[in-house]
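>>> show me how the following folds:
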Amino acid sequence: MSAPDAPLPVSSPTPSPAAPTLPLSGRQSRFERTWRWCKHRSVVEGLLGLLLLVATAVGVSLAPRRAKQETIAIEDMVLKGHTGAVTSVAFSPDGKLIVSGSWDKTVKVWDAHTGREQLTLRGHTREVWSVAFSPDGKRITSGGGDLGRPSEVKVWDAQTGQETLTLRGHTSRVSSVAFSADGKRIASGSDDWTVKVWDAHTGQEQLSLQWHTGWVLSVAFSPDATRIASGDLGGLKVWDARTGQKQLSLKGHTHGVGSVCFSPDGKRVASGSWDETVKVWDALTGQEQLTLKGHTKEVMSVSFSPHGTRIVSGSYDETVRVWDAHTGQEALTLKGHNVGVNSVAFSPDGKRIVSGGRDQTVRVWDAHTEP
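Got it, this is the predicted structure:
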């Protein structure tokens, strides 16, 4: 999809030299009309009219103020190198690197400050759908594949790019991968309707969570690694990460849940849905706390800021939006992608946002400081 054509320039008519400018003419007209009105009214009405007259004369509007307009930001850096849609992005734990996965079957590692490509990891034979750094930043995991075909999760050395593990067991595309906070396990969600949990060092399958109602589109570990959240075509679920027992089934979205994440304190879960909304839930009770509305197409990715005060979301409406995580108010709109946004994430210090889109680019934005 190409960028929309730029609007044609519109020329303004040149005013007659004898005519006053429009703002002055409008202000004089209001002043004169108000003065004539005051002369024919009662004392009280006249005083009110005089107040309006003074306000008019100094150019002050007594009408209610409009709500503050959204702040629109432009990206700091655009990283180009992928030859297919960028499906997933993430910062390294120290904020120095960015990893991206793409339909071009590769995983790339970039310098987060200069934008320079440092590594290209090749080994997937089909599209890469999800990538993640390990908590110590030494490893990268990626998931890929195709519908209806056996698909793989891979683990790589983040410094050398060498493939260290291949995890096999899913029977269809792997849509999402995540490391546990201790780096000992990897969770993967697949179009085979399962979430699998693997030993991140040996590659052995430890759990298979079966009770989904469609493709599993997203997985996330809680910060203490005791729970897993998963989003599928039927909604959002929370699981015991040790036993595989389902703890919660959260209903509220009217379409598939494409992205899930825990807040840094583990008390909340955010979900992005194809119903164009972001929702925030109590992670212990499953109660819905907020619904964030503003996107005009499917929400494909959500992430909490490191302090848990903001949420970033990416959508097929070509925007990245930043929200207040407690009030649900939209704080920032980031525009630059000219096709849908697939993935978003905050940097570890919360000052930057990375996004990946169907326009084959990775973009880095100034997210402003934490409030």
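>>> Provide the strand pairings for the helix or strand harbouring K108, with the direction of each partner.
Using DSSP states H and E, K108 sits in strand 106-111. For strand 106-111, the pairing partners within the sheet under DSSP bridges are strand 97-102 (antiparallel), strand 117-122 (antiparallel).
>>> got the CA coordinates for the first one in CSV?
When you say that, I think you mean strand 97-102. Taking only C-alpha atoms (Å, rounded to 0.1, in the frame of the first residue of the first chain), the coordinates of strand 97-102 have been written out as CSV:
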residue,chain,number,x,y,z
LEU,A,97,19.8,-3.3,21.0
ILE,A,98,16.6,-3.9,19.1
VAL,A,99,15.5,-7.2,17.7
SER,A,100,13.0,-7.6,14.9
GLY,A,101,11.3,-10.5,13.1
SER,A,102,9.9,-10.4,9.6
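>>> next, the buried residues of that strand.
97-102 (16 or more other C-beta atoms under 10 Å). Where you see a C-beta, it was placed from the backbone N, CA and C, and this is true even at glycine.
>>> who's in contact with that strand?
With contact meaning C-beta atoms under 8 Å, 6 or more residues apart in numbering, strand 97-102 is reached by 79, 82-92, 107-112, 118, 127-133, 137, 140, 142, 144, 158, 354, 356, 360, 362, 364.
>>> just give the nearest non-adjacent residue to E330, would you?
Leaving aside its chain neighbours, E330 sits nearest to G294 (5.0 Å; criterion: C-beta to C-beta, 6 or more residues apart in numbering).
>>> contacts only, for the one you found.
321, 323, 330.
>>> distance check, V107 against F133.
In this structure, V107 lies at 11 Å from F133, with C-beta to C-beta, to the nearest Å as the measure.
>>> and the two? Which one has more around it.
The residue with the greater number of neighbours, taking V107 and F133 and applying other C-beta atoms under 10 Å, is V107; the counts read 27 against 22.
>>> how far away is the more buried one from T141?
V107 sits 10 Å away from T141, taking C-beta to C-beta as the criterion.
>>> go on, V339?
Here V339 is placed at a distance of 26 Å from T141 (C-beta to C-beta).
>>> and if you look at K279?
Counting by C-beta to C-beta, the gap from K279 to T141 is 27 Å.
>>> and A132, by the same measure?
Applying C-beta to C-beta, one obtains 5 Å for the distance of A132 from T141.
>>> list residues touching both of those two?
177-179.
>>> who wins for neighbours among the residues you listed?
Going through the shared contacts of A132 and T141 with other C-beta under 10 Å as the criterion, the one with the most neighbours is V177, at 29 neighbours.
>>> would you say it is within a strand?
Yes - with DSSP: H, G, I helix; E, B strand; the rest coil as the criterion, V177 is assigned to a strand.
>>> next up, the contacts around it.
If a contact means C-beta under 8 Å, 6+ apart, then V177 has 130-132, 141-143, 153, 186-189, 219 as its contacts.
>>> try it again at 6 Å.
Residues counted as contacts of V177 (C-beta atoms under 6 Å, 6 or more residues apart in numbering) are 130, 132, 141, 143, 153, 188.
>>> looking at these, which has the most residues close by?
Once you tally neighbours by other C-beta under 10 Å, G143 ends up highest among the contacts of V177, having 30 neighbours.
>>> helix, strand, or coil at that residue?
strand.
>>> then H337?
coil.
>>> run through who's touching stretch 183-200.
Outside stretch 183-200, the residues within contact range by C-beta under 6 Å, 6+ apart are 134-136, 141, 143, 147, 153, 167, 169-179, 205-210, 212, 215-216, 219, 228, 230.
>>> of these, just the buried ones, ChimeraX syntax please.
Typed into ChimeraX, the line below selects the buried ones among the contacts of stretch 183-200, using 16+ other C-beta under 10 Å:
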select :134,141,143,153,167,169,170,172,173,174,175,176,177,178,179,206,207,209,212,215,216,219,228,230
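>>> give me the subset of the contacts of stretch 183-200 lying in helices.
Within those, membership in helices is found for no residue, as judged by DSSP state H.
>>> hey, what's K80 bridged with?
Beta bridges link K80 to T361, judged by DSSP bridges.
>>> who does whichever strand or helix holds V260 pair with, and is each partner parallel or antiparallel?
Take DSSP H and E as the rule and V260 turns out to sit in strand 257-262. Sheet pairing here is set by DSSP bridges, and for strand 257-262 it gives strand 268-273 (antiparallel).
>>> other residues contacting the strand it pairs with?
Residues outside strand 268-273 that contact it (C-beta under 6 Å, 6+ apart) are 229, 231, 236, 253, 255, 257-262, 278-281, 283, 299, 302, 311, 313.
>>> likewise for stretch 216-230?
Contacts made with stretch 216-230 from outside it, assessed by C-beta under 6 Å, 6+ apart, are listed as 175-176, 178, 180-182, 187, 189-190, 195, 231-232, 237-239, 241, 258-262, 266, 269.
>>> out of those residues, which are buried?
Buried by 16+ other C-beta under 10 Å: 175-176, 178, 180-181, 187, 189-190, 195, 231-232, 237-239, 241, 258-262, 266, 269, out of those.
>>> for stretch 341-359, measure first residue to last.
Looking at stretch 341-359, the gap from its leading to its trailing residue is 8 Å under the measure C-alpha to C-alpha, to the nearest Å.
>>> tell me which residues in it are buried?
Neighbour-count burial for stretch 341-359 flags 341-347, 350-359 (criterion: 16+ other C-beta under 10 Å).
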